[in-house]
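Trainee: after the sequence you'll find the predicted model.
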Amino acid sequence: EVQVVESGGGLVQPGGSLRLSCAASGFTFDDYAIGWYRQAPGKEREAVSCVWSSDGRLDYDSTKGRFTISIDNAKRMVYLQMNSLKPEDTAVYYCHLLSATRPVDYWGQGTQVTVSS
C-alpha cells in the first residue's frame, strides 16, 4: 500500500520559518515527481513546488525563492523549507507523488500551516 505522510506544520509568526517533511512508501516505481500543493480556505488547491527523483530537477516553483524543496531519494522523503512566511501562506499543505512511468498519483492527508501574530 502506498502511503504519503506529511509532518511539520504548525503555527508560526509572520517572518518565521517552518520545515515540512513528507515520507512516501510502499511504491515500486523508480522515477517520480514529488512535491507540495496547498489549499487555503475558500480557495482552490495550488501547486507550490515539485522535484523529479531522477535528477533532482525542479519541475515547478511558485514561491519566488522563499521556499526551498529538497529530496532524499534513499529515504524517499521530500522537504519544504519555508522562510519569510506571510499570513497569505496559511493553508493546508499536501504532499503529492506522481509516477513518471505509470498513470498513478497519490496524495497525503495534509498538514496545516498557520501564519499569524
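Mentor: Structure's in. What do you need?

Trainee: spatially central residue in this protein, please.
Mentor: Closest residue to the average C-alpha location of the chain: W36 at 2.6 Å, with C-alpha atoms, centre = their mean.

Trainee: any idea how far that residue is from T28?
Mentor: 23 Å (C-beta to C-beta, to the nearest Å). For the C-beta atoms, the positions are set from N, CA and C on the backbone; glycine is no exception.

Trainee: ok, now V115?
Mentor: Here the criterion is C-beta to C-beta. By it, V115 lies 37 Å from T28.

Trainee: of those two, which one has the most company?
Mentor: V115 (19 against 7; other C-beta atoms under 10 Å).

Trainee: how deep is the nearest residue to R57 once chain neighbours are set aside tucked in, by neighbour count?
Mentor: Nearest residue to R57, sequence neighbours excluded (C-beta to C-beta, 6 or more residues apart in numbering): V51, at 6.9 Å. The burial count assigned to V51 is 21, neighbours taken as other C-beta under 10 Å.

Trainee: what strands flank the helix or strand containing V51, and is each parallel or antiparallel?
Mentor: Per DSSP states H and E, V51 falls inside strand 46-52. Note on strand 46-52: by DSSP bridges, its sheet partners are strand 32-39 (antiparallel), strand 58-61 (antiparallel).

Trainee: looking at these, which is buried most?
Mentor: The highest mean neighbour count among those, using mean count of other C-beta atoms under 10 Å, belongs to strand 32-39: a mean of 22.

Trainee: quick one: contacts of that one?
Mentor: For strand 32-39, contacts defined as C-beta atoms under 8 Å, 6 or more residues apart in numbering pick out 20, 22, 24, 45-53, 59-60, 69, 71, 78, 80, 89, 91-100, 110, 113.

Trainee: same thing but at 7 Å, please
Mentor: Identification of contacts with strand 32-39 by C-beta atoms under 7 Å, 6 or more residues apart in numbering yields 20, 24, 45-53, 59-60, 69, 71, 78, 80, 91-100.
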